[in-house]
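J.: Need the 3D shape of this:
(chains A and B)
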Protein chains: 2
Amino acid sequence: MDNASWFTEVASEAGSAFSLKVSKKLHQEQTPFQKIEIYQTEGFGNLMVIDGFIMLSTRENFFYHEMMSHPVLFTHPDPKIIWIIGGGDCGTLREVLKHQQVQKVIQIDIDERVTRLAEQYFPELCQSNDDPRAELKFIDGIEWVKQAEPNSVDIIIVDSTDPIGPAKGLFSKDFYRDCCHCLTEQGIIIQQSESPLFHMTILGDMRKAMWEAGFANLQTLFFPQCVYPSGWWSATMASKNELKTFRKNDSDNKKFSTNYYNSEIHQAALAQPEFFKKAMQIS
Amino acid sequence: MDNASWFTEVASEAGSAFSLKVSKKLHQEQTPFQKIEIYQTEGFGNLMVIDGFIMLSTRENFFYHEMMSHPVLFTHPDPKIIWIIGGGDCGTLREVLKHQQVQKVIQIDIDERVTRLAEQYFPELCQSNDDPRAELKFIDGIEWVKQAEPNSVDIIIVDSTDPIGPAKGLFSKDFYRDCCHCLTEQGIIIQQSESPLFHMTILGDMRKAMWEAGFANLQTLFFPQCVYPSGWWSATMASKNELKTFRKNDSDNKKFSTNYYNSEIHQAALAQPEFFKKAMQIS
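T.: Residues are numbered from 1 along each chain as shown, chains lettered A, B, ... in the order given. Okay, here's the model as predicted:
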């Protein structure tokens, strides 16, 4: 392998690495928050890398964006007000806005440069940014949630980087307690929760912190995500009340198209591997 | 990345690569059929590589072996006679033998050296090789199936390498026709069917060949497989009659332990992604 023509991310915790063949480096900058790189790849379209970690590519981002949005939106009985913490590439925003009953989506990413670069290199993800229901704020999501009114939001989607660097606070009990406070009684939070194969400690700590913060019901979802370590990823939903309201009929009859998600995939994502049940002591 | 201490498999069709950090090369040989290498890795235990392609590691082989065996065995109404074509590492054999009603398993791998090396470097996979119900043959699986009696087997598991080299014939219509001939009326074949993200052409051609060979019912399963290209893999079940007999109660009450598989995972694996349904014209 000729290192010069590949972008490689090493998962040192697992002794593995994933590489994409690149044809050109399109952009690089250091923002006040992180280092962002954009590459043109041979097989995956454009690639965004933050602080050395692959964030998304043109070819495969649909898995992540669809699974961070549609399962939680079809689980909440009537989602109207949505916040996206992070999500600066706007792909999750685009998916959320496909739901017609949604009245307002506020995306809160600390780094405006992520969005400006997404507009340039991933324009298809930003095609709903001008929707009148969308509002983009470039401020600290942790502060936003801390200062928010109680009972003011139906769903909080935490679409963040890994729990190191600027996103560390988004995996803390204090943050979850603030989220719990501003969610309505039926409210749900969903957060990307790393690889079920490589990061069971992070996943377990995160579930524990959510539970201690007041979320009595947790549900982890599993889905393929080929550019992230292990190629397999998870997201965890949490709510004060039971998470048993999958609106299957609405999902079956959704009025918009998806690439990975459908109602069978929704239910499949909820199935918990045997090792996961044992580790999390889920019967 | 220091190339010297990594084993890398390039998926040239996708412009991606997966690497494992290796601490030592334990073995290498050229058999009459293929080149086999064994490595000790830092995070994945031992690793077997055939003709440059990663076959399995100690850490993650459970995904593949469990999903090649338990779904098909819990789908057949009464599996007694099983053939495994390929599968020389004996991991699938071990899983199949966990089912008490199975009376006879014949494993037919063309290359005895795969099994001998598995005994040495993956002894946990070979722990059931002395089961009186198991028989290991080191002959050509294509010839075996061609010469077999009609209605003589309940399940054929094709646990092969990719459709290049010695395994090419295992993806052909002629082979499937021979399998169809020796399977009982309720019989089922299952075969690994590559990555749903990278190899849709192979998958489509394989399903078409199975259908044309006389298998009226096809069902593709999806599961994580982090050491194979894209980290996401599939297997396809085919039968002459309907594949709707999942013995859920038996699966729920199975008497053996697994690491990934359980009855919810079984059902989840059957969910078909939206892009797959469109490509395969499945309604």
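
J.: make it CA atoms for all contacts and neighbour counts henceforth
T.: Will do.

J.: show me the contacts for the residue of the stretch 101-250 of chain A found nearest chain B.
T.: Proximity of the stretch 101-250 of chain A to chain B (C-alpha to the nearest C-alpha) peaks at A:G231, 4.4 Å away. Contacts for A:G231 (C-alpha atoms under 8 Å, 6 or more residues apart in numbering or on different chains) come out as A:195, A:224-225, B:224-226, B:230-232.

J.: now A:P71
T.: A:P71 touches A:H266, counting by C-alpha under 8 Å, 6+ apart.

J.: Just say helix, strand or coil for it.
T.: Taking DSSP: H, G, I helix; E, B strand; the rest coil as the rule, one finds A:P71 in the helix state.

J.: Need the residues that contact stretch A:16-31.
T.: By C-alpha under 8 Å, 6+ apart, stretch A:16-31 touches A:5-11, A:35-44, A:111, A:113, A:227-229, B:15-21, B:43.

J.: In strands, which of these fall?
T.: Among these, the members falling in strands (DSSP state E) are A:6-11, A:35-41, B:16-21.

J.: List buried members of those by neighbour count.
T.: Using 16 or more other C-alpha atoms under 10 Å in any protein chain shown as the burial test, those include A:6-11, A:36-41, B:16-21 as buried.

J.: Where does the prediction get shaky in the stretch 101-250 of chain A?
T.: A:244 (pLDDT under 70).

J.: can you map out the strands along it?
T.: A:104-108, A:134-137, A:153-159, A:183-192, A:217-224, A:232-239 (DSSP state E, counting those that start in this stretch).

J.: Kindly reformat those as TSV containing mean neighbour count.
T.: Shown next, in TSV, are those (neighbours: other C-alpha atoms under 10 Å in any protein chain shown):
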stretch	mean neighbour count
strand A:104-108	22
strand A:134-137	18
strand A:153-159	26
strand A:183-192	22
strand A:217-224	22
strand A:232-239	24
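
J.: residues in chain A within reach of chain B, list them.
T.: With C-alpha under 8 Å from any C-alpha of the partner chain as the criterion, chain A meets chain B at residues A:1, A:3, A:8, A:13-21, A:41-44, A:224-227, A:230-232, A:258-262, A:264-265, A:267-269, A:271-275.

J.: Wait, A:L93 touches A:W83, no?
T.: No - taking contacts as C-alpha atoms under 8 Å, A:L93 lies outside contact range of A:W83: 9.2 Å.

J.: Which one's more surrounded, these two?
T.: A:L93 (29 against 23; other C-alpha atoms under 10 Å in any protein chain shown).

J.: Let me know the average pLDDT across the helix or strand where the more buried one lies.
T.: Secondary structure assignment for A:L93, by DSSP states H and E: helix A:91-96. With pLDDT averaged residue by residue, helix A:91-96 scores 98.

J.: would you list every one of the helices in chain A?
T.: With DSSP state H as the criterion, chain A has helices at A:61-73, A:91-96, A:112-121, A:141-146, A:173-182, A:200-212, A:248-252, A:263-269, A:274-280.

J.: Which elements pack onto the fourth one?
T.: Other helices and strands packing on helix A:141-146, by 3 or more C-alpha pairs under 8 Å, 6 or more residues apart in numbering or on different chains; DSSP states H and E, are helix A:173-182.

J.: What lies in contact with the helix it packs on?
T.: Counting by C-alpha under 8 Å, 6+ apart, A:142, A:145-146, A:148-153, A:156, A:169-170, A:189, A:209-210, A:212-215, A:240 sit against helix A:173-182.

J.: which of these count as buried?
T.: By 16+ other C-alpha under 10 Å, those give A:142, A:145-146, A:153, A:156, A:170, A:189, A:209-210, A:213-215, A:240 as buried.

J.: Next up, the contacts around whichever residue of the stretch 151-283 of chain A sits closest to chain B.
T.: The stretch 151-283 of chain A approaches chain B most closely through A:A268 (3.9 Å), counting by C-alpha to the nearest C-alpha. The neighbourhood of A:A268, defined by C-alpha under 8 Å, 6+ apart, consists of B:264-265, B:267-269, B:271.

J.: Kindly report the same for A:E194.
T.: A:162, A:202-203, A:233-235.

J.: How far does stretch A:161-181 stretch from one end to the other?
T.: 23 Å (C-alpha to C-alpha, to the nearest Å).

J.: Hmm, I typed the wrong one, I wanted stretch A:238-249.
T.: OK, stretch A:238-249 end separation, C-alpha to C-alpha: 22 Å.

J.: same check, this time on stretch A:44-63
T.: End-to-end distance (C-alpha to C-alpha), stretch A:44-63: 14 Å.

J.: what does stretch A:34-46 give?
T.: 19 Å.

J.: just stretch A:231-248 next, same as before
T.: For stretch A:231-248, the end-to-end distance is 28 Å (C-alpha to C-alpha).

J.: again, but for stretch A:8-21
T.: Using C-alpha to C-alpha, first and last residues of stretch A:8-21 are 9 Å apart.

J.: Now do it: distance to the chain's middle.
T.: 21 Å (C-alpha atoms, centre = their mean, to the nearest Å).

J.: number of nearby residues for the nearest residue in space to A:F198 that is not next to it in sequence?
T.: Leaving aside its chain neighbours, A:F198 sits nearest to A:A14 (6.5 Å; criterion: C-alpha to C-alpha, 6 or more residues apart in numbering or on different chains). Residues near A:A14, counting by other C-alpha under 10 Å, number 18.

J.: Over to A:K25?
T.: Neighbours of A:K25 (other C-alpha under 10 Å): 15.

J.: what sits opposite it in the beta ladder?
T.: Listed by DSSP bridges, the beta-bridge partners for A:K25 are A:Y39.

J.: ok, so what distance separates the most centrally placed residue in chain A from A:A167?
T.: Closest residue to the average C-alpha location of chain A: A:D159 at 3.3 Å, with C-alpha atoms, centre = their mean. Distance, A:D159 to A:A167, using C-alpha to C-alpha: 10 Å.
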